[in-house]
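Trainee: Provided below for reference: sequence and predicted model.
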Amino acid sequence: MFRRPAADLVVRNASQLWCFGTEVGAGDWPDLVEDGAIAACEGKVVWIGAADALAREVEILPGAVDIDAERGVVTPGFVDCHTHLVFAGSRADEHSARCAGESYLSLSAKGGGINATVRATRAASEDELVSLALPRLGRLLEFGVTTAEMKSGYGLSLDAELRSLNAIARLGALQPIETVATLMCAHAIPPEFASDRAGYVDLCVGEIVPAAARLGFVRFCDAFVEEGAFSVAEARRVLERALEEGLLPRLHADQMTSRGAIDLAIELEAATVDHLEALKAEDIPRLAASGVTAVLLPTSTLFLDDPRRAPGRALRDAGAALALATNLNPGTAMSENASLVLGLACRFNGLSAEEALAAFTVGSARALGLDHRLGALCPGFQADLVVHAAPSAAHLAWHLGVSHVRLVVKRGQVVFERAVASCA
Ligand code: NIG
């Protein structure tokens, strides 16, 4: 006999319910249900269907949380697969200098840039790093982010990198956003190694990477290949060691200049290449064929006033796996505004609103290796979802930089809610 699934949380009356079932190969589950409803039990999705079938097909348990989406769009929670939100200190002055015409690379060459944040972060305790990061995570949650990757990379010594990573682990237990940790000791050459680059790479390979892997919760190792940061050869040493230790490679690639990071990413079967404003046209098909996810960070394009655009449209047309992220950091993207990311991915990178939404949910989950359990809304997946007070994905991209988030659910629990007028 057919048994109706029991639900302890239902969301009814969604104008659009974005499931992305085909993106995760979930049998017959569609990407979009119009006039939809969704039911969850014990943190997992148990049913999705037409709004008028909910009462007939689902046993709504006594005391269940019953949410009326009021004809708003319902999406999976945003997955922010690239942040540097654990840091201390301010770079507001540097931002002012950049607005007055100084370039990011020239400020970095004078000891500002990443190394300015390194000085402040090294001086902060683990407790201070946690306290500084918590409100940033709170603001991401208000924009509908339910999972966030966070990188170290402002410590650049064994102790300070481990302190940042331990802060990331603590943050995962202190607030609703699920966290993923990335080691990024290859973010900049710290000042004490300015005349001994090889010595710093030796420290990464010999001590920092193995120690980070021993923590047991670090999933990725990222490296910044750029003028003034790391060469391909230096990044290769760090990432090959990371692979030996079970950490998956990622690369900050082709942000300001193109210097071979894409080749390295393809060769190492990296999880992602991130930025790509300077990506060469001939690398687009190679990237698409590789399975390496291209992560677009359009807030940085705006923040740095870079006239180039990461070629999201061309990458998508070539069949590349795409993801989107805030890149929340003090130097190139001091903004938790996930809504802006979605809108700019359309405006700057040529994605449709639906493609941008997919990239910021299931695409980013795939980049983090989590698309078997989150980033899509299909039976068995985590009930991580957002109810927006706006009628469509297109509206979310159009109404630029404004949060329409009415309610956020993480693992079946309402973790953020606010009264917000519907936008028709
Ligand atoms: O992803 N590009 C390197 N890392 C960051 C910037 C970090 C900083 O300037 O503090 C980024 O844009």
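Mentor: Structure's in. What do you need? Residues are numbered from 1 along each chain as shown.
Trainee: hey, let's count contacts and neighbours off CA atoms from now on
Mentor: Noted.
Trainee: can you pull the pLDDT of the residue of the stretch 201-350 of the chain found nearest the ligand?
Mentor: Closest approach between the stretch 201-350 of the chain and the ligand, counting by CA to the nearest ligand atom: residue 331, at 3.4 Å. Reading off the confidence values, residue 331 has pLDDT 96.
Trainee: My guess is residue 209 contacts residue 242. True?
Mentor: Yes. Assessed by CA atoms under 8 Å, residue 209 is found in contact with residue 242 at 6.1 Å.
Trainee: Between these two, which contacts overlap?
Mentor: Shared contacts of residue 209 and residue 242 (CA atoms under 8 Å, 6 or more residues apart in numbering): none.
Trainee: Format the CA atom coordinates belonging to the helix-or-strand element of the chain with minimal mean pLDDT as PDB.
Mentor: Least confident helix or strand, the chain: helix 104-109 with a mean of 87, by mean pLDDT, DSSP states H and E. C-alpha atoms of helix 104-109 as PDB (Å, rounded to 0.1, in the frame of the first residue of the first chain):
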ATOM      1  CA  TYR A 104      45.800  46.400  -6.200                       C
ATOM      2  CA  LEU A 105      49.200  45.100  -7.300                       C
ATOM      3  CA  SER A 106      51.100  48.300  -6.600                       C
ATOM      4  CA  LEU A 107      49.600  48.500  -3.000                       C
ATOM      5  CA  SER A 108      50.600  44.800  -2.500                       C
ATOM      6  CA  ALA A 109      54.100  45.600  -3.700                       C
END
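Trainee: Show me what that helix is packed against.
Mentor: For helix 104-109, there is no helix or strand it packs on, judged by 3 or more CA pairs under 8 Å, 6 or more residues apart in numbering; DSSP states H and E.
Trainee: before we move on, which element is residue 295 in?
Mentor: strand 293-296 (DSSP states H and E).
Trainee: now residue 233
Mentor: Secondary structure from DSSP H and E places residue 233 in helix 232-244.
Trainee: Around the ligand, pick out the residues from the protein.
Mentor: Applying CA under 6 Å from any ligand atom, we find that the chain lies next to the ligand at 113-114, 327, 329-332.
Trainee: any chance of those in TSV, with neighbour count too?
Mentor: Output for the residues of the chain next to the ligand, formatted as TSV (neighbours: other CA atoms under 10 Å):
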residue	neighbour count
113	21
114	23
327	30
329	21
330	23
331	22
332	21
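Trainee: State the pair within the residues you listed that is farthest apart.
Mentor: 113 and 327 (15.1 Å; CA to CA).
Trainee: quick one on the thing from earlier: centre of the chain versus the helix or strand following the strand holding residue 295, how much separation?
Mentor: The C-terminal neighbour of strand 293-296 among helices and strands, as given by DSSP H and E, is helix 298-303. Helix 298-303 sits 14 Å away from the centroid of its parent chain (CA atoms, centre = their mean, to the nearest Å).
Trainee: Let me see the mean pLDDT of helix 298-303.
Mentor: 97.
Trainee: Report all helices and strands that it contacts.
Mentor: helix 338-347.
Trainee: what does the helix it packs on rub up against?
Mentor: Residues outside helix 338-347 that contact it (CA under 8 Å, 6+ apart): 140, 143-145, 296-299, 312, 324-326, 351-353, 356-357, 360, 396-403.
Trainee: Now that helix: average pLDDT?
Mentor: For helix 338-347, mean pLDDT rounds to 98.
Trainee: What residues sit buried inside it?
Mentor: For helix 338-347, burial by neighbour count (16 or more other CA atoms under 10 Å) applies to 338-347.
Trainee: next one: stretch 309-319
Mentor: Residues 309-316 are the ones in stretch 309-319 that count as buried (16+ other CA under 10 Å).
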